[in-house]
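1. build me a structure from this.
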Amino acid sequence: MAGDITTIARPYAEAAFERAKESGQVAAWSEALNLLAAVTSDPQLAAQIGNPSVPRSRIRDIILDVCGDALPTEVANFLQLLVQNARLAAVAEIARLFEVSRIADQGVRHVLVRSAFEVDAEQQQTLAAALARRFGGQVDLTVETDSALIGGIEIRTGDLVIDDSVRSKITQLAHALQF
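-> Next up is the predicted model:
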């Protein structure tokens, strides 16, 4: 299901980012989309969004009332488009993907590294430098320790996963032995 919402949200996020960049309003769009994500994620409103008996225009009006003047005109128009296409449930994912595009556009790539063992500061710097060379830009590194990996590391950035963990190798071996 998470992949489905991402598939739905991606073209909207890309279009929003392109428009925001064209108009020089990336920061304003980012704030507005995050506000829309927060508003539409409210449990009471989320229930109404999913309720087919509530008119879409009513939901749009509620969102516009809650947001007030915090929404630039273009973002309000974007909201109208989402309402017309019944895509309000994807607003949080659209906002997340917009942020991914914004950060990537700035040349900074978020990288999650999961390691079976503690990674000290010097190792983190070495790893960040190697990943920056690999990806051709700045790297914002987050390191987590996960003993379930048994050994090795797992690197995730965007849609890319590099899994060099012992757990992964054992899983691959188990699949190979089943045939």
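2. which pLDDT value belongs to the residue nearest to the spatial centre of the chain?
-> The geometric centre of the chain, computed from its C-alpha atoms, lies nearest to Arg96 (Cα atoms, centre = their mean), at 3.5 Å. On pLDDT, Arg96 comes in at 92.
3. what's the spacing between it and Ala47?
-> 21 Å (Cβ to Cβ, to the nearest Å). Glycine gets a C-beta too; all of them are placed from N, C-alpha and C.
4. residue contacts, the residue nearest to Ala86 when sequence neighbours are not counted?
-> Spatial nearest neighbour of Ala86, excluding adjacent residues (Cβ to Cβ, 6 or more residues apart in numbering): Arg56 at 7.0 Å. Contact analysis of Arg56 by Cβ atoms under 8 Å, 6 or more residues apart in numbering lists Val83, Gln84, Ala86, Leu88.
5. which residue ranges make up the domains of the chain?
-> Listed by automatic domain parsing, the domain ranges of the chain are 2-104, 107-177.
6. which one of these is the most hemmed in?
-> Highest mean neighbour count among the domains of the chain (mean count of other Cβ atoms under 10 Å): domain 2-104, with a mean of 16.
7. please, which helix or strand holds Asp65?
-> Asp65 is part of helix 56-67 when elements are defined by DSSP states H and E.
8. got the contact list for the lengthiest helix in the chain?
-> Ranked by residue count and defined by DSSP state H, the top helix of the chain is helix 2-22. Residues outside helix 2-22 that contact it (Cβ under 8 Å, 6+ apart) are 26, 28-30, 33, 74, 78, 81-82, 87, 89-90, 93-98, 100-102, 105.
9. could you check how far the closest residue to Leu64 other than its chain neighbours is from Leu149?
-> Counting by Cβ to Cβ, 6+ apart, Ala76 is the residue found nearest to Leu64 once chain neighbours are left out, at 6.5 Å. Separation of Ala76 from Leu149 (Cβ to Cβ) stands at 46 Å.
10. pLDDT of the helix holding Asp65, averaged?
-> Mean predicted confidence for helix 56-67 is 92.
11. need the contact partners of the very next helix or strand once past that helix.
-> Downstream of helix 56-67, the next assigned helix or strand under DSSP H and E is helix 73-84. Outside helix 73-84, the residues within contact range by Cβ under 8 Å, 6+ apart are 12, 16, 19, 23, 25, 28-29, 32-33, 36, 56-57, 59-60, 63-64, 71, 87-88, 90-91, 94.
12. for helix 73-84, the distance to its chain's centre please.
-> 20 Å (Cα atoms, centre = their mean, to the nearest Å).
13. next up, the contacts around Gln123.
-> Contacts of Gln123 (Cβ under 8 Å, 6+ apart): none.
14. thank you kindly, that will do.
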